[in-house]
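[1] predicted coordinates and the sequence they were generated for:
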Amino acid sequence: MEDMPSNCTSLRSVCFTGHRELPPVRSAAYRQLVAHTEAAIRRAFDRGARRFYCGGAEGFDLLAGKLVLLENERHLDIQLVLLLPYTGFGEAFTAQDRAELLRQKKAAEEVLYLSNHYFSGCMALRNRQLVEDADLCIAYLRRAPSGTAQTVSFAKEKGIEVEYV
């Protein structure tokens, strides 16, 4: 399930993209998604990646950020960088997701905002910026059209690897 070149070049940074809707937490599909994402993070780390960019959205973004922070407990040089579209992003999340985003903001190496306010197109801008800063895109892609599919397209246009989980 990977679009990886055979040379497996070294990496500096990774971005994540994925849907907001995930399988039910207690399901086998969710456990498989977690296992595949953890394995992808470890492979990227083994290839030299240390900066992991997450967009902070509900669903896969928050899951990926959580898994990066767990991996940081084993490898202190792994850095979570949150790249958020605007200040105030996440205020409409559920209480649980707001709490997780706040936890990630506190634990992240860096929190970057692309704008002081919401505007039409800010999510697409954030998605493009995630790709600009990455050598590998780890994607949870199940349907198109979607913001995830758009981000994968940005990655392919830029010529960076895409690993599907």
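    Structure's in. What do you need?
[2] next structured bit after the helix or strand of the chain with the lowest mean pLDDT?
    Counting by mean pLDDT, DSSP states H and E, the chain has its least confident helix or strand at strand 2-3, which shows a mean of 46. Downstream of strand 2-3, the next assigned helix or strand under DSSP states H and E is strand 13-18.
[3] average pLDDT for the next helix or strand after that following strand?
    Per DSSP H and E, strand 13-18 leads on to helix 28-46 as the next helix or strand towards the C-terminus. Helix 28-46 shows a mean pLDDT of 98 in the predicted model.
[4] any buried residues in helix 28-46, and which?
    By neighbour count with 16 or more other Cβ atoms under 10 Å, helix 28-46 contains the buried residues 33-34, 36-38, 40-41, 43-45. The way it works is simple: take the backbone N, C-alpha and C, and place the C-beta from them, glycine included.
[5] for that helix, name the packing helices and strands.
    helix 60-72, strand 136-140 (3 or more Cβ pairs under 8 Å, 6 or more residues apart in numbering; DSSP states H and E).
[6] among the ones you listed, which comes closest to residue 50?
    helix 60-72 (10.2 Å; Cβ to Cβ).
[7] could you list the residues in contact with that closest one?
    16-20, 22, 33-34, 37-38, 41-42, 45, 52, 54-56, 78-80, 82, 97, 100-101, 104, 107-108, 138, 140, 148 (Cβ atoms under 8 Å, 6 or more residues apart in numbering).
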